[in-house]
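Asks: Provide a 3D model corresponding to the input given below.
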Amino acid sequence: MRIFTLVLVLFSFHSSAALFGVDWGENIDKYGELTKRDEYYKVVTNSLPEHLLIAKQYELVQQPDSGLVKISMTSFEYSAFGDSFQDDYVELQGLLINDGYQTKEFRESELSSYQCIFQGECVGMLWVGVNHNDSIVTLEQRMNGRERSFIRLEVKANNFASNK
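Replies: Prediction:
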């Protein structure tokens, strides 16, 4: 609950809205320096109009003819076995579901398994959702070594999700 009091407005619902106060199709150069990657442009930034308090950085992807088509958020690091890591993930998943994303796929966490604790081979929770515009969101827990972890959220516009 601690991180999302400011974020409730983050998921305002209208047809062209992506997340974090940006819109699908918009030009991303106002958020930072454009970098060309293959046939796409990207911007890496640590701030968007509706900033998530757990966010360390965002990566925005733009197609030349379509504008913004993908947003990725990476959180600051957590203790892999801390309550806030689990709580923040579950709360973010709940906000996405309340915003109209329906579960397409779900995988349970293996963070408390033998492989994770003793061998450092961990797979956290993974949740994939789709909304009324066919935008796809992927929310996952990732390990960074044996004791550190982070949350990654990626949302793709329907015109990008169908191509990638």
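
Asks: going forward, measure contacts and count neighbours with C-alpha atoms only.
Replies: Noted.

Asks: how near is Gln62 to Lys70?
Replies: Separation of Gln62 from Lys70 (C-alpha to C-alpha, to the nearest Å) stands at 7 Å.

Asks: OK, contacts around Lys42?
Replies: With contact set as C-alpha atoms under 8 Å, 6 or more residues apart in numbering, Lys42 has these partners: 28, 34-36, 59-62.

Asks: of those, buried ones?
Replies: Among the contacts of Lys42, those scoring as buried are 28, 34, 59-62 (criterion: 16 or more other C-alpha atoms under 10 Å).

Asks: in strands only, show me those.
Replies: Mapping the buried ones among the contacts of Lys42 onto strands (DSSP state E) picks out 59-62.

Asks: okay if I get these as CSV plus distance to Gly21 and pLDDT?
Replies: Output for these, formatted as CSV (distance: C-alpha to C-alpha, whole Å; pLDDT from 0 to 100):
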residue, distance to Gly21, pLDDT
Glu59, 14, 97
Leu60, 12, 97
Val61, 15, 97
Gln62, 16, 95
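
Asks: between these, which is nearest Ala18?
Replies: Ranked by distance to Ala18 (C-alpha to C-alpha), these are led by Leu60 at 11.0 Å.

Asks: let me know the closest of the buried ones among the contacts of Lys42 to Glu147.
Replies: Within these, proximity to Glu147 (C-alpha to C-alpha) peaks at Glu59, which comes in at 24.9 Å.

Asks: got the contact list for Ile97?
Replies: For Ile97, the contact set (C-alpha under 8 Å, 6+ apart) comprises 103, 129.

Asks: need the next SSE after the helix or strand where it lies, C-terminal direction.
Replies: Secondary structure assignment for Ile97, by DSSP states H and E: helix 83-98. Downstream of helix 83-98, the first helix or strand assigned by DSSP H and E is strand 102-107.

Asks: list the buried residues for that following strand?
Replies: Of all the residues in strand 102-107, those buried under the rule 16+ other C-alpha under 10 Å are Gln102.

Asks: understood, closing this out.
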